[in-house]
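# Model the structure of this input:
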Amino acid sequence: MAARSRSTSDSRRPPHKRVNDSSDLANAKESAGSPVIQQFVERTELSGIRTTKVHAELVAEEVDDVTRVDSLKIEVRAGARILDSDRFRCTYTFDVEVANTSAEHLANLTVEFVASFRMLDQSGIDREQLTSFTKQVGYIVVFPYAREAIQALSVRLGLDPITLGLLQQDQDIPRSVSFTSGSRLSLRAT
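Coordinates of the predicted model:
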């Protein structure tokens, strides 16, 4: 899963510094428990989380009132922007392709979240630490929002409610997904 940042330009805003546009969430070098990351987290405060994109599209031509879901593919893209010496944002986009038992493509879901953070001291933002923070801490912060949004969107489309499982340390997707119909799917990083 490649991490990519979406770029928007607005002449009214100052240019932002991009951090780690092509890194991979699954290839985090430092452990979330490392002293460097712990120190960065201790100096950081969450300012807010905003949903910036919600899209759900039923692509199957014929679906029942509630359509059984048995397969899905999840892609997560992440990026970060330094806004100034003590503020930064992490952006996470979750793209989900949903299929049924016969591998028929049923739906596409996309949700995007921006988590805003500020530093509690004036020591600045180290790009390498921010990259690790984005992969290991910020992602954990926004993941429950993604889980809720994906479940709500699947229900609104008339699909089985999709519940993303728990994240495991150093993994970028949950180990499993559950569907209300009782089926459970194990996921593997691609």
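# for the chain, what's the longest helix?
Taking DSSP state H as the criterion, the chain has its longest helix at helix 139-156.
# Quick one: list the elements packing against it.
Packing partners of helix 139-156 (3 or more Cβ pairs under 8 Å, 6 or more residues apart in numbering; DSSP states H and E): strand 44-58, strand 87-99, strand 105-119, strand 162-164. The C-beta positions use only the backbone N, C-alpha and C, and glycine is treated the same way.
# now do 6 Å
The contact analysis (3 or more Cβ pairs under 6 Å, 6 or more residues apart in numbering; DSSP states H and E) places helix 139-156 against strand 87-99, strand 105-119, strand 162-164.
# Thr131: which of those strands is closest?
strand 87-99 (10.2 Å; Cβ to Cβ).
# From the chain's centroid, how far away is the closest one?
Offset of strand 87-99 from its chain centre (Cα atoms, centre = their mean, to the nearest Å): 4 Å.
# and that strand, C-alpha only, in CSV?
Provided in CSV are the C-alpha atoms of strand 87-99 (Å, rounded to 0.1, in the frame of the first residue of the first chain):
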residue,chain,number,x,y,z
ARG,A,87,1.4,22.4,13.5
PHE,A,88,1.0,19.5,11.1
ARG,A,89,-1.7,17.4,9.5
CYS,A,90,-1.8,13.7,8.6
THR,A,91,-4.1,12.6,5.8
TYR,A,92,-5.4,9.1,5.5
THR,A,93,-7.5,7.8,2.5
PHE,A,94,-9.2,4.4,2.7
ASP,A,95,-10.3,2.8,-0.6
VAL,A,96,-12.4,-0.3,-0.3
GLU,A,97,-13.6,-2.6,-3.1
VAL,A,98,-16.5,-4.9,-2.0
ALA,A,99,-17.4,-8.2,-3.6
